[in-house]
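*Asks:* Sequence first, predicted model second:
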Amino acid sequence: MAIMAVTFEPNGQLHYLDTADQWYAVGDYVLYPTSYGPEVAQVVWVSDDQLADPENLGDIPLCDGPATADDLARDRNNRAKAAAALDTARELVSRHNLPMKLLAVDWIDRDPAVALLVAIYFQSAGRVDFSALVPELARALQARVDLRQVGSRDATRLCGGLGSCGRALCCCTWVAKVEPIGLRLARDQGLQTNLANISGNCGRLKCCLSFEQSQYRDFVKTAPERGAMVTTPNGSGKVIGLAIPAESVVVRHRDGQLSTCPLANITRIPITQRVTAPIVSAASSAATAATSAATTMFRARTGTREPAAEPPPDSQLPEQPGS
């Protein structure tokens, strides 16, 4: 069994197909079986080898074969009609002054229950009374109209975009199902619970908090805790932080310098082998040097000298010869 990944839009959601023992290349157009009939999709990835254990992949639909010239012409025509339908719907929504944000349109002409179905996705802060809008839309489009309200996450998935990492949004590419996300995940990953920093384009908590949680949990189980003494290729020091995405730890060495070392290059120092000399930070060393320099300058200006060391008590004086 060989599988391939296809998309309906450029940089869109990935959908997987069984190649049905046929050969396809990246860039080919194939037919993806949907509940309304086969639709044209483009191949973006093909597995190199046959999968030895296909049961672990779940139910993957079979490809309906390569798209023909007629299929491609129909797909281009339907996309043009969907774009025109979206413009018409936006004009009517503006005329009725409805608090709706129209997002996308599906032009469905292979539904066995109806000759032509136009599904319009919209976002709104509350319920919308579009009882007067639907009949007018149906007359303008000469089709059955289905208005579908979606939430903020689904709205972002439909519109697409780039995340703070600079890449295409995960929900628009490979995340098929969004798991519940709470602030506890941000705390477990050592992130500040500032919603402006941990929220995505949809205004909700980022999806990556959910699917990266297992990586953080597994790393903490094997990494040394903060405050532990370790040895690194740059010398020994104390662990002061964890760089979990890079699978590294941040170490402060005895000279106050910081270094980030891979976990594989870190060795714990047993308590019995630890050196009792304190680790002096760079800040404290600089402060001590500045104080010493200021004291020396003050004595030079005032003509004072360092106080002489106090003599030891009589009981500790060495015995004089002949006493």
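*Replies:* Nice, I can see it. These numbers come from a predicted model, not from an experiment.
*Asks:* Which stretches in the protein count as strands?
*Replies:* Along the chain, the segments classed as strands by DSSP state E run 3-7, 15-18, 29-34, 37-46, 101-108, 117-123, 144-149, 229-232, 235-243, 248-253, 258-262, 267-268.
*Asks:* Quick check: which of those is nearest to A82?
*Replies:* Among the strands of the chain, the nearest to A82 by Cβ to Cβ is strand 101-108 (4.1 Å). C-beta here means a position set from N, CA and C on the backbone, and glycine is covered the same way.
*Asks:* returning to that earlier point: redo the strands of the chain as a markdown table? Include mean neighbour count and mean pLDDT.
*Replies:* A markdown table is the format used below for the strands of the chain (neighbours: other Cβ atoms under 10 Å; pLDDT from 0 to 100):
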| stretch | mean neighbour count | mean pLDDT |
| --- | --- | --- |
| strand 3-7 | 20 | 92 |
| strand 15-18 | 18 | 91 |
| strand 29-34 | 18 | 94 |
| strand 37-46 | 18 | 93 |
| strand 101-108 | 18 | 92 |
| strand 117-123 | 21 | 93 |
| strand 144-149 | 16 | 92 |
| strand 229-232 | 17 | 87 |
| strand 235-243 | 17 | 85 |
| strand 248-253 | 20 | 88 |
| strand 258-262 | 15 | 87 |
| strand 267-268 | 12 | 82 |
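*Asks:* Would you mind putting these into CSV with distance to A83 alongside?
*Replies:* Shown next, in CSV, are the strands of the chain (distance: least, Cβ to Cβ, whole Å):
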stretch, distance to A83
strand 3-7, 18
strand 15-18, 22
strand 29-34, 20
strand 37-46, 16
strand 101-108, 8
strand 117-123, 12
strand 144-149, 16
strand 229-232, 58
strand 235-243, 46
strand 248-253, 48
strand 258-262, 50
strand 267-268, 62
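*Asks:* Are there helices or strands packed against the top helix by length along the chain, and which ones?
*Replies:* Ranked by residue count and defined by DSSP state H, the top helix of the chain is helix 69-96. Under the contact definition 3 or more Cβ pairs under 8 Å, 6 or more residues apart in numbering; DSSP states H and E, helix 69-96 sits against strand 29-34, strand 37-46, strand 101-108, strand 117-123, helix 133-141.
*Asks:* Would you mind pulling the contact partners of the second one?
*Replies:* Residues external to strand 37-46 that are found in contact with it (Cβ atoms under 8 Å, 6 or more residues apart in numbering): 2, 4-8, 14-15, 19, 24-32, 64, 67, 71-72, 74-75, 110-111.
*Asks:* what's the angle from it to strand 101-108?
*Replies:* 110 degrees (axes from the mean of the first three to the mean of the last three Cα atoms, to 10 degrees).
*Asks:* Just checking: what are the partner strands of strand 37-46?
*Replies:* In the sheet, strand 37-46 lines up against strand 3-7 (antiparallel), strand 29-34 (antiparallel) (DSSP bridges).
*Asks:* how far is it from where the chain is centred?
*Replies:* In terms of Cα atoms, centre = their mean, to the nearest Å, the centre of strand 37-46 is found 26 Å from the chain centre.
*Asks:* can you dump the C-alpha coordinates of it into PDB?
*Replies:* Listed next in PDB are the C-alpha coordinates belonging to strand 37-46 (Å, rounded to 0.1, in the frame of the first residue of the first chain):
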ATOM      1  CA  GLY A  37     -18.700  13.100  -5.600                       C
ATOM      2  CA  PRO A  38     -15.100  13.100  -6.900                       C
ATOM      3  CA  GLU A  39     -13.300  16.500  -6.800                       C
ATOM      4  CA  VAL A  40     -10.000  17.600  -8.400                       C
ATOM      5  CA  ALA A  41      -7.000  17.800  -6.000                       C
ATOM      6  CA  GLN A  42      -3.300  18.200  -6.600                       C
ATOM      7  CA  VAL A  43      -0.600  15.800  -5.400                       C
ATOM      8  CA  VAL A  44       2.000  17.400  -3.100                       C
ATOM      9  CA  TRP A  45       3.700  14.300  -1.700                       C
ATOM     10  CA  VAL A  46       4.000  10.600  -2.600                       C
END
